[in-house]
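**Q** Got a predicted structure plus its sequence, pasted below:
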Amino acid sequence: MSLTESCIAAAVITTVMAISAPSAIQMKETYTLQSAAREVAATMQTTRIDAIVQDQDCRLNVVSGVSYIIECQTPVGQTTAWRTVSRVTVPDGITVSSNARPEFHRRGNVS
């Protein structure tokens, strides 16, 4: 292969890479967002199952733009308190917000 052919091949490869790079970046962003949404949905389903199995109310509570916690009610003397079961941090570049705290009751229904 001559030098001219090598230069032409390098130019073609560089052009293809330059054309496909923005598409690849957008695909990564879309995948990250879909992955975070699926994670929140799975966490909500797990919280619902935990509420049924543990026979206590559990909820998902957004505490900041980048994290949320799972809490379950536990009896403390004559009152009940919310204890944190787990804390979840969303991937970089994703923010989470909420206008309510979905609370799963022991029978599996939500309010």
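**A** The structure has been received and is ready for your questions.
**Q** Please identify the buried residues of stretch 28-43?
**A** In terms of neighbour count (16 or more other Cβ atoms under 10 Å), stretch 28-43 has its buried residues at Ala36, Val40. (Each C-beta comes from the backbone N, C-alpha and C, glycine too.)
**Q** Give me the average confidence score over that stretch.
**A** For stretch 28-43, the mean pLDDT works out to 91.
**Q** same thing with stretch 73-80?
**A** 81.
**Q** Report the contact partners of Pro102.
**A** Met44, Thr47, Arg59, Leu60, Val110, Ser111 (Cβ atoms under 8 Å, 6 or more residues apart in numbering).
**Q** tell me which element the residue nearest to the spatial centre of the chain is part of?
**A** Centroid-nearest residue in the chain, with Cα atoms, centre = their mean: Ala36, separated by 2.7 Å. In this structure, Ala36 sits in helix 3-54 according to DSSP states H and E.
**Q** Kindly calculate the angle that the following helix or strand past that helix makes with helix 3-54.
**A** Counting by DSSP H and E, the next helix or strand C-terminal to helix 3-54 is strand 58-64. Orientation of strand 58-64 against helix 3-54 (axes from the mean of the first three to the mean of the last three Cα atoms, to 10 degrees) gives an angle of 130 degrees.
**Q** Strand 58-64: how far from the chain's middle?
**A** Taking Cα atoms, centre = their mean, to the nearest Å, one finds the center of strand 58-64 at 13 Å from the center of the full chain.
**Q** Describe which strands the helix or strand following that strand pairs with in its sheet and in which direction.
**A** Using DSSP H and E, the next helix or strand after strand 58-64 towards the C-terminus is strand 67-76. Paired strands of strand 67-76, with direction, are strand 58-64 (antiparallel), strand 79-89 (antiparallel) (DSSP bridges).
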